[in-house]
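**Q** here is a sequence together with a model predicted from it:
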Amino acid sequence: MTPCHTTIDSPVGPLTLVARDGSLTGLYMHEQRHRPQPETFGVRDDGAEPFATATRQLAEYFAGTRTAFDLPLAPAGTPFQQRVWAALREIPYGETTSYGELAERIGSPGAARAVGLANGRNPIGIVVPCHRVVGSTGALTGYGGGIETKRRLLDAERGTLPLETAAVIAAG
């Protein structure tokens, strides 16, 4: 089946959700590095699965009432990228880990740089929380949606800076 997409508003700007066969395959910020070309998103279909559920869960996340997502995901990537992305989903809400620690966690010590590259290619931002990975010193390092967005997401998860309310989220 061909992919389809929708765009929703969020406290961090417009988000493009992409799905195929009822599973989320992409969540991209408007100004995201490594954002695929729009023609790869397929036709716009605001009613396709799992967009309603994803929109609701994202609204709950931005409102601070959801700490984990329960969505069918099907990110396309190499086996190594898949291992990194699976490990990202295990980082607890409000916590961070370093690229080196993540490399250790997936059984590839010394592969921090490769983990960083896989992290940067994560096609399902926010839901697969690549924003929770920081440098070895705890510094905020590269983020496809921009360092300021990364800071806002982490601050919101830690309860130090609330994002706008869920009412901001609306099908675009």
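**A** Right, received. Where do you want to start?

**Q** what sits up against stretch 67-74?
**A** Contact partners of stretch 67-74, identified using Cβ atoms under 8 Å, 6 or more residues apart in numbering, comprise 20-25, 50, 53-54, 57, 61, 93-94, 124, 127-128, 157. Using the backbone N, CA and C atoms, a C-beta is placed for each residue, glycine as well.

**Q** tally of neighbours for residue 90?
**A** Residues lying near residue 90 (other Cβ atoms under 10 Å) number 11.

**Q** okay, the spatially most central residue of the chain: pLDDT?
**A** The residue lying closest to the centre of the chain (Cα atoms, centre = their mean) is residue 125, at 1.5 Å. Looking at residue 125, its pLDDT is 92.

**Q** coming back round to it: buried ones among the contacts of stretch 67-74?
**A** When the contacts of stretch 67-74 are checked for burial by 16 or more other Cβ atoms under 10 Å, the buried set is 20, 24-25, 50, 54, 57, 61, 124, 127-128, 157.

**Q** in helices, which of those appear?
**A** Of the buried ones among the contacts of stretch 67-74, the ones assigned to helices by DSSP state H are 54, 57, 61, 157.

**Q** verify the contact between residue 18 and residue 28 for me.
**A** Yes - assessed by Cβ atoms under 8 Å, residue 18 is found in contact with residue 28 at 7.4 Å.

**Q** contact partners of stretch 95-109?
**A** So stretch 95-109 is contacted by 80, 83-84, 87-88, 90-91, 110-116, 119, 132-136, 138, 141, 154 (Cβ under 8 Å, 6+ apart).

**Q** of those, which belong to helices?
**A** Per DSSP H, the subset of the contacts of stretch 95-109 in helices is 80, 83-84, 87-88, 112-116, 119, 154.

**Q** for those residues, pick the one with the most neighbours.
**A** residue 84 (28 neighbours).

**Q** roughly how far does residue 81 sit from residue 151?
**A** 25 Å (Cβ to Cβ, to the nearest Å).
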